[in-house]
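*Asks:* The following block contains a protein sequence and its predicted model.
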Amino acid sequence: METQATIALLSLYIQDFESMFAKDNFNILLEHQHWNHTIEFLLGSEPKLTKVYPLFPIEQKELNAFLEENLCTRWIYLSKLLMAALVFFIKKKDSSLWLVQDY
């Protein structure tokens, strides 16, 4: 009985936030601001060297598709940074690939 009452109260509480989880609103990003993710480096600083790991052809194809789609939609921008971040894939239960970026 207590569980049903909790669910009822929770349903009343979250109904005010329903629009926040609507599929139509999910794919809309906030307007780009000049301070978003900007990292200013000191003059004379040197970027750290990182290793480059080769991807399997199917992973490279998936990465290229991700980059193309997200650059076209402007969810990501080309970086001027000389450093790289490790990218790898995890296979999901349905055999599709999940892109993971290690900062």
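*Replies:* Cool, the structure landed.

*Asks:* Pull the residues that contact the helix-or-strand element of the chain with minimal mean pLDDT.
*Replies:* Of all helical and strand segments in the chain, the minimum by mean pLDDT, DSSP states H and E falls on helix 23-26, at a mean of 72. Applying C-beta atoms under 8 Å, 6 or more residues apart in numbering, the external contacts of helix 23-26 come out as Ser19. All C-beta atoms are positioned from the backbone trio N, CA, C, and that covers glycine.

*Asks:* can you give me how far the strand or helix carrying Tyr13 is from the chain middle?
*Replies:* Per DSSP states H and E, Tyr13 falls inside helix 2-14. Distance, stretch centre to chain centre, for helix 2-14: 32 Å (C-alpha atoms, centre = their mean, to the nearest Å).

*Asks:* mind saving the C-alpha coords of that helix as PDB?
*Replies:* Output of helix 2-14 as PDB, limited to C-alpha atoms (Å, rounded to 0.1, in the frame of the first residue of the first chain):
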ATOM      1  CA  GLU A   2       2.800   2.400   0.900                       C
ATOM      2  CA  THR A   3       4.500   1.800  -2.500                       C
ATOM      3  CA  GLN A   4       1.300   2.800  -4.400                       C
ATOM      4  CA  ALA A   5       1.000   6.000  -2.300                       C
ATOM      5  CA  THR A   6       4.700   6.800  -3.000                       C
ATOM      6  CA  ILE A   7       4.200   6.200  -6.700                       C
ATOM      7  CA  ALA A   8       1.100   8.400  -6.700                       C
ATOM      8  CA  LEU A   9       3.000  11.300  -4.900                       C
ATOM      9  CA  LEU A  10       6.000  10.900  -7.200                       C
ATOM     10  CA  SER A  11       3.700  11.100 -10.300                       C
ATOM     11  CA  LEU A  12       2.200  14.300  -9.000                       C
ATOM     12  CA  TYR A  13       5.600  15.800  -8.300                       C
ATOM     13  CA  ILE A  14       7.100  14.900 -11.700                       C
END
